[in-house]
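> Return a 3D structure for these sequence lines:
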Amino acid sequence: MTFVEAIVLGIVQGLTEFLPISSTAHLRLIPTLFGWGDPGAARSAIIQLGTMLAVVAYFRRDIVNLFKAFIQGIFRGKPLEEFESRMAWYIALGTIPVGVLGLLFKDFIETSARSLYLISASLVVLALILAVAERISAFRRGVSSITLRDCVIVGFAQALALIPGSSRSGTTITAGLFLGLTREAAARFSFLLSIPAVVASGLFELYEVRHSLSSAVAFDLSVATIVSAVTGYAAIAFLLKYLHSHTTYAFIWYRILLGGIILLLLLLKIISPLS
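As a prediction, this is how the structure comes out:
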């Protein structure tokens with residue numbers, strides 16, 4: 001990874017991690033088009049730490065309130081009495097599915113699952129499911145109405161994002177809409193739920209590749225991570241404001257278009273599925 005690649009990949013990661021358009025798809029396609037090759041699941045996960053810095057910075061007050069309520073609830077012997085305390089437990093429980101399945105299918109996710117054929121299909125399939133959610137959702141419920149059942153469902157939806165091209169925010173926002181959440185509430189819960197999983201994934205991958213990181217590689221990864229943090233913060237602010245008064249159809253059509261373009265490039269042999 002060169003310095004220029006680090007800047008570009010950082011921007012791509014930051015802009016696409018929180019929008020329901022799949023950061024993995026973009027991190028696979030753009031390097032392939034430029035002849036850089038696949039950055040790999042491990043490096044992609046490390047760069048994702050930048051976007052988690054963004055979500056922690058953006059939701060810092062929410063996180064502090066959740067943590068305080070969580071601790072106070074334990075000491076009082078009433079861990080589920082207050083909403084913030086319940087939400088902290090919900091986020092922890094909702095992280096279990098992606099953690100377990102991520103470890104079970106780690107090798108597949110980092111190799112064969114990164115095929116651009118699978119990514120192309122995932123982009124289109126999730127777009128169609130999101131379109132159905134847009135069609136039937138009641139859009140009446142806010143974050144304060146989230147229950148344990150909702151958390152379990154959205155947690156398993158987050159696990160589906162292990163399939164490259166599906167999009168973590170895409171699967172969780174879609175699940176939230178099916179549960180009747182407003183678009184903004186679905187996105188907000190999606191972002192909060194993503195924090196433990198992505199931080200754990202990034203730190204785990206960083207530990208796994210620690211011996212193979214030269215000073216130059218570490219510097220470039222650090223640059224990419226910082227850039228993704230800045231652009232990720234901007235993407236969060238944009239999406240929450242956008243979904244307050246807009247539908248997700250722009251992202252649906254974008255996913256279908258991108259999936260179609262990737263498939264066309266594969267069929268024309270302009271790019272290879274695992275390059």
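> Tell me the first helix or strand C-terminal of whichever strand or helix holds residue 28.
Per DSSP states H and E: residue 28 is located in helix 23-33. Using DSSP H and E, the helix or strand that directly follows helix 23-33 along the chain is helix 41-58.
> that older thread, what packs against the helix holding residue 28?
helix 3-17, helix 41-58, helix 116-136, helix 249-267 (3 or more C-beta pairs under 8 Å, 6 or more residues apart in numbering; DSSP states H and E). From N, CA and C alone the C-beta is placed, and that goes for glycine too.
> Now do the buried residues in that helix.
By neighbour count on 16 or more other C-beta atoms under 10 Å, the buried set for helix 23-33 is 23-32.
> Hmm, residue 190 is touching residue 151, no?
No. Contact criterion C-beta atoms under 8 Å: residue 190 and residue 151 do not qualify, at 11.7 Å.
> Which of the two has more residues huddled nearby?
Comparing residue 190 with residue 151 by other C-beta atoms under 10 Å, the one with more neighbours is residue 190, at 27 against 21.
> which ones are touching the residue nearest to residue 136 when sequence neighbours are not counted?
Spatially, and ignoring its direct neighbours in sequence, residue 136 is nearest to residue 178 (7.4 Å; C-beta to C-beta, 6 or more residues apart in numbering). The contact partners of residue 178, taken as C-beta atoms under 8 Å, 6 or more residues apart in numbering, are 133, 136-137, 153.
> could you redo those residues as TSV and give each row neighbour count?
As requested, the contacts of residue 178 are exported to TSV (neighbours: other C-beta atoms under 10 Å):
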residue	neighbour count
133	20
136	9
137	19
153	17
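> need those in CSV with distance to residue 11, can you?
As requested, the contacts of residue 178 are exported to CSV (distance: C-beta to C-beta, whole Å):
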residue, distance to residue 11
133, 29
136, 35
137, 32
153, 33
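> Return the distance of the residue nearest to residue 259 when sequence neighbours are not counted relative to residue 211.
Once flanking residues are discounted, residue 259 sits nearest to residue 123: 3.5 Å by C-beta to C-beta, 6+ apart. In this view, residue 123 and residue 211 are 35 Å apart by C-beta to C-beta, to the nearest Å.
> Tell me which of these two has more neighbours.
residue 123 (28 against 6).
> Tell me the confidence at the more buried one?
Per-residue pLDDT puts residue 123 at 97.
> How about residue 258?
97.
> residue contacts, the closest residue to it other than its chain neighbours?
Leaving aside its chain neighbours, residue 258 sits nearest to residue 123 (5.6 Å; criterion: C-beta to C-beta, 6+ apart). Applying C-beta under 8 Å, 6+ apart to residue 123 gives the contacts 21-22, 25, 165, 255-256, 258-259, 262.
> If we use 6 Å, what do you get?
25, 165, 255, 258-259 (C-beta atoms under 6 Å, 6 or more residues apart in numbering).
> Good, wrapping up.
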